[in-house]
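*Asks:* Please find the sequence and the predicted model below.
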Amino acid sequence: DTAVSQTPKYLVTQMGNDKSIKCEQNLGHDTMYWYKQDSKKFLKIMFSYNNKELIINETVPNRFSPKSPDKAHLNLHINSLELGDSAVYFCASSRWPQATNEKLFFGSGTQLSVL
Amino acid sequence: DAKTTQPPSMDCAEGRAANLPCNHSTISGNEYVYWYRQIHSQGPQYIIHGLKNNETNEMASLIITEDRKSSTLILPHATLRDTAVYYCIVRPSGGGADGLTFGKGTHLIIQP
């Protein structure tokens, strides 16, 4: 009964391939996020969705396309993978609006390695 | 323009209290102080947050100075499982869906 689950945990692929990472939350939250943690361990937000609508889209190449079929799911599709896409990708969720209780719940991460 | 400043690393003996400082001298009146931690190979985990009063929960205590320009996270009896990177984040209430901005954090190492 994991709160935020993402699959796969590890993803090894060749440059130029297209891949997807799936995320599901069973917390009843309205808002979901994708974060990227690079090799220097900086954690940066990529996207946020609220009730299936895109709210935040940070400076991310358009090869990255999030898709939210319903508010419990936020998947990340990446086209034409590049070496620099290698990182750990974290999904997270929270309630909306985030009043005084800024609790983000994170998944355990997907380690993407592009060869 | 970092909103918070934390020491890059700290050591603490197992069983002792771990005191992690955070400087947030430019904090605004409506900004809360949040603490998260990231244990190796896991996603960040919420610990505690506060506005101006000291807070305590089952994981930790948060002490915020009267001028709110700094705070200290206290893990009262550190265990080896508390080894992690601890992030101090300031953020206004009702900040919307722009998530949290993580800095470099403090790598806390609990020594046996």
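*Replies:* Happy to help now that I have it. Numbering: from 1, shown residues only, chains lettered A, B, ... in the order given.

*Asks:* Please name the nearest non-neighbouring residue to residue 7.
*Replies:* With no chain named, the answer covers chain A. Leaving out its chain neighbours, the residue that sits closest to A:Thr7 by Cβ to Cβ, 6 or more residues apart in numbering or on different chains is A:Lys22, at 5.2 Å. From N, CA and C alone the C-beta is placed, and that goes for glycine too.

*Asks:* think we crossed wires, I meant chain B
*Replies:* According to Cβ to Cβ, 6+ apart, the nearest residue to B:Pro7 is B:Thr106 (5.4 Å).

*Asks:* Any idea how many residues pack against the one you found?
*Replies:* By other Cβ atoms under 10 Å in any protein chain shown, 22 other residues sit near B:Thr106.

*Asks:* And for B:Cys88?
*Replies:* Neighbour tally, B:Cys88, other Cβ under 10 Å: 27.

*Asks:* what sits against the residue nearest to A:Ser86 when sequence neighbours are not counted?
*Replies:* Of all residues not flanking A:Ser86 in the chain, A:Val114 sits nearest, at 4.8 Å (Cβ to Cβ, 6+ apart). A:Val114 makes contact with A:Thr13, A:Gln14, A:Met15, A:Leu81, A:Glu82, A:Leu83, A:Gly84, A:Asp85, A:Ser86, according to Cβ atoms under 8 Å, 6 or more residues apart in numbering or on different chains.

*Asks:* What subset of those is buried?
*Replies:* A:Thr13, A:Leu81, A:Asp85, A:Ser86 (16 or more other Cβ atoms under 10 Å in any protein chain shown).

*Asks:* correct me, but the first one touches A:Glu82?
*Replies:* So that's A:Thr13. No: A:Thr13 is beyond contact range of A:Glu82, at 11.0 Å (criterion: Cβ atoms under 8 Å).

*Asks:* what sits against B:Lys104?
*Replies:* Contacts of B:Lys104 by Cβ under 8 Å, 6+ apart are A:Lys41, A:Phe42, B:Gln6, B:Pro8.

*Asks:* Compare these and tell me which has the most neighbours.
*Replies:* Going by other Cβ under 10 Å, B:Gln6 tops those with 22 neighbours.

*Asks:* got a list of what that one touches?
*Replies:* B:Leu20, B:Pro21, B:Cys22, B:Asn23, B:Tyr86, B:Tyr87, B:Cys88, B:Gly103, B:Lys104, B:Gly105, B:Thr106.

*Asks:* All the strands of chain B, residue numbers only.
*Replies:* Using DSSP state E, the strands of chain B run over B:9-13, B:18-23, B:31-38, B:45-50, B:55-56, B:61-64, B:70-75, B:84-92, B:106-111.

*Asks:* before we move on, what about chain A?
*Replies:* A:4-7, A:10-13, A:19-25, A:31-37, A:43-50, A:53-57, A:64-70, A:73-78, A:87-94, A:105-106, A:110-114.

*Asks:* For the helix or strand of chain A with the lowest mean pLDDT, which residues meet the burial criterion?
*Replies:* Scoring the helices and strands of chain A by mean pLDDT, DSSP states H and E places strand A:53-57 at the bottom, with a mean of 78. Burial within strand A:53-57, assessed by neighbour count using 16+ other Cβ under 10 Å, is assigned to A:Ile55, A:Ile56.

*Asks:* Next: stretch B:37-52.
*Replies:* In stretch B:37-52, counting by 16+ other Cβ under 10 Å, buried: B:Arg37, B:Gln38, B:Gly43, B:Pro44, B:Gln45, B:Tyr46, B:Ile47, B:Ile48, B:His49, B:Gly50.
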